[in-house]
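K.L.:
Need the 3D shape of this:
(one chain, ligands or ions: 1)
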Amino acid sequence: APYTITYFAVRGRCGATRIMLADQGQEWKEIVVSFEDWMKGDLKKTCVFGQLPKFEDGGLTLFQSNTFLRHLGRKHGAYGKNDCEAAQIDMFNDGVEDLRTKYLKMIYQEYETGKDAYIKDLPNHLCKFEAVLAKNKSGFLVGDSISFADYSLFEVLLNHLVLSPTCLDSLPALKSFVDTLSARPKIKAFLDSEDYKKLPINGNGKQ
Ligand SMILES: N[C@@H](CCC(=O)N[C@@H](CS(=O)(=O)O)C(=O)NCC(=O)O)C(=O)O
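P.N.:
This next block holds a predicted model:
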């Protein structure tokens, strides 16, 4: 397979990419880097931004997890049917990234002190995506087929359901979005796999 992910032994910022690859029927290789090896610094020096994950597509080497999603979107017809849809897909993926950034800040910097307040404030962020999905009859964020932004939203919702299992109870469009994507055969198989289940969501073991 031309695709290789190099990352720590976490779902982290590769969660959405792996779900997208699985749903698109793609195989990929995983190179797992231990924190101990990472701290030696040799690999870090070769990374454009000094960070992982790294994604290889044959001879193309990429960093930046959202870049992987866009690249796969272009390659596998998951980036809308025209520039207008592509721009909206970018917009919603950027919105998901805002939520992911808030989530990661809480997880890594203020879990004990900030978890309850974060969960309390969560509906104010999730309601924005609820409104978008409630408006688009296709069941996807943009247009009439799945895009990389849908995988990104789906994955961040899965993580939030671990943090707060009731967080979608009053958001029917998001609940149905998660149920529908979870039922897609290749996503279901991947989420049931040991490869998926054996990895913690985050690097500090908090979820
Ligand atoms: N914007 C980057 C962020 C990448 C990033 O923050 N990587 C962290 C690991 S993780 O937060 O994604 O799990 C890292 O390499 N940290 C180690 C280091 O910075 O030396 C992306 O989306 O890929």
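K.L.:
Around the ligand, which positions in the chain sit nearby?
P.N.:
By the rule Cβ under 6 Å from any ligand atom, the part of the chain lying against the ligand is 8, 10, 12-13, 44, 50-53, 64-66, 203. C-beta coordinates here come from the backbone N, C-alpha and C atoms, glycine included.
K.L.:
make it 8 Å
P.N.:
Contact residues (Cβ under 8 Å from any ligand atom) of the chain with the ligand: 7-8, 10, 12-14, 38, 44, 47, 49-53, 63-67, 97, 104, 108, 202-203.
K.L.:
What about those, which are in strands?
P.N.:
Residues from the residues of the chain next to the ligand lying in strands, with DSSP state E as the criterion: Tyr7, Phe8, Phe63.
K.L.:
which one of those residues sits closest to Gln207?
P.N.:
Relative to Gln207, the closest of those is Phe8; by Cβ to Cβ it sits at 15.3 Å.
K.L.:
which ones are touching whatever residue of the chain ends up closest to the ligand?
P.N.:
The chain approaches the ligand most closely through Gln51 (3.2 Å), counting by Cβ to the nearest ligand atom. Residues near Gln51 by Cβ atoms under 8 Å, 6 or more residues apart in numbering: Lys44, Phe63.
K.L.:
coming back round to it: pull out the buried members of the residues of the chain next to the ligand.
P.N.:
Taking 16 or more other Cβ atoms under 10 Å as the criterion, what is buried in the residues of the chain next to the ligand is 7-8, 10, 12-14, 52-53, 63-66, 97, 202.
K.L.:
Buried residues in the helix or strand where Phe129 lies, which are they?
P.N.:
Using DSSP states H and E, Phe129 falls within helix 111-135. Using 16+ other Cβ under 10 Å as the test for burial, helix 111-135 gives Tyr111, Tyr118, Leu122, His125, Leu126, Phe129, Glu130, Val132, Leu133.
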